[in-house]
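Novice: sequence first, predicted coordinates after that:
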Amino acid sequence: MQQLSLVPRLMPAVRCGEKTSTIRWQEGAIVAGPLRLVNQQDAADAVIVWVTRVDTLRLSEVAARLGKMAEWPDAWLLEGMREHYPAICLSSEVQLIYHLTPAQTDAKLAGC
């Protein structure tokens with residue numbers, strides 16, 4: 001199963017279904033299907049989600065694509081992404097990974 005790490009502060013938002021996308025840079029290809037998101041500080045803390053779509057675009061285009069331009073100005077988004085990817089730029093091509101909530105994923109895997 002494909003897997004990505006997630007900072008601990010984001011795990012609750014994924015679990016409750018509030019966070020249904022993630023931005024990745026130079027981490028290898030992610031495809032539609034099950035994805036294990038693992039707390040980068042505690043490998044026992046993980047959740048399975050179903051990837052529905054992956055878009056490749058410049059980091060500078062992500063906020064507009066997600067309808068979050070007011071919430072995620074370029075400087076704020078770049079600062080947050082540099083926590084994980086110090087060399088990233090607004091012109092860097094990233095993967096915008098969309099996924100179902102854990103509850104929706106459970107239902108899909110159960111065949112409902």
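Specialist: Received, thanks.

Novice: how far away is R15 from A103?
Specialist: Look at R15 and A103: by Cβ to Cβ, to the nearest Å, they are 9 Å apart. C-betas here are computed from N, CA, C, even on glycine.

Novice: what about the two, which has more around it?
Specialist: R15 (16 against 12; other Cβ atoms under 10 Å).

Novice: next, the contact list for the more buried one, please.
Specialist: Residues near R15 by Cβ atoms under 8 Å, 6 or more residues apart in numbering: V47, P102.

Novice: need the per-residue pLDDT for it.
Specialist: In this model, R15 is scored at 97, pLDDT.

Novice: just give me the residue right at the centre of this structure.
Specialist: What sits nearest the mean C-alpha location of the chain, by Cα atoms, centre = their mean, is T22, with 1.4 Å.

Novice: so that one sits in a strand?
Specialist: Yes - the assignment for T22 (DSSP: H, G, I helix; E, B strand; the rest coil) places it in a strand.

Novice: that one reaches I97, doesn't it?
Specialist: Yes - between T22 and I97 there is a contact under Cβ atoms under 8 Å: 5.0 Å.

Novice: list residues touching both of those two?
Specialist: Common neighbours of T22 and I97, using Cβ under 8 Å, 6+ apart, are L4.

Novice: before we move on, which element is A46 in?
Specialist: Under the criterion of DSSP states H and E, A46 resides in strand 42-58.

Novice: what comes up buried for that strand?
Specialist: For strand 42-58, the neighbour count (16 or more other Cβ atoms under 10 Å) marks V47, I48, V49, W50, V51, V54 as buried.
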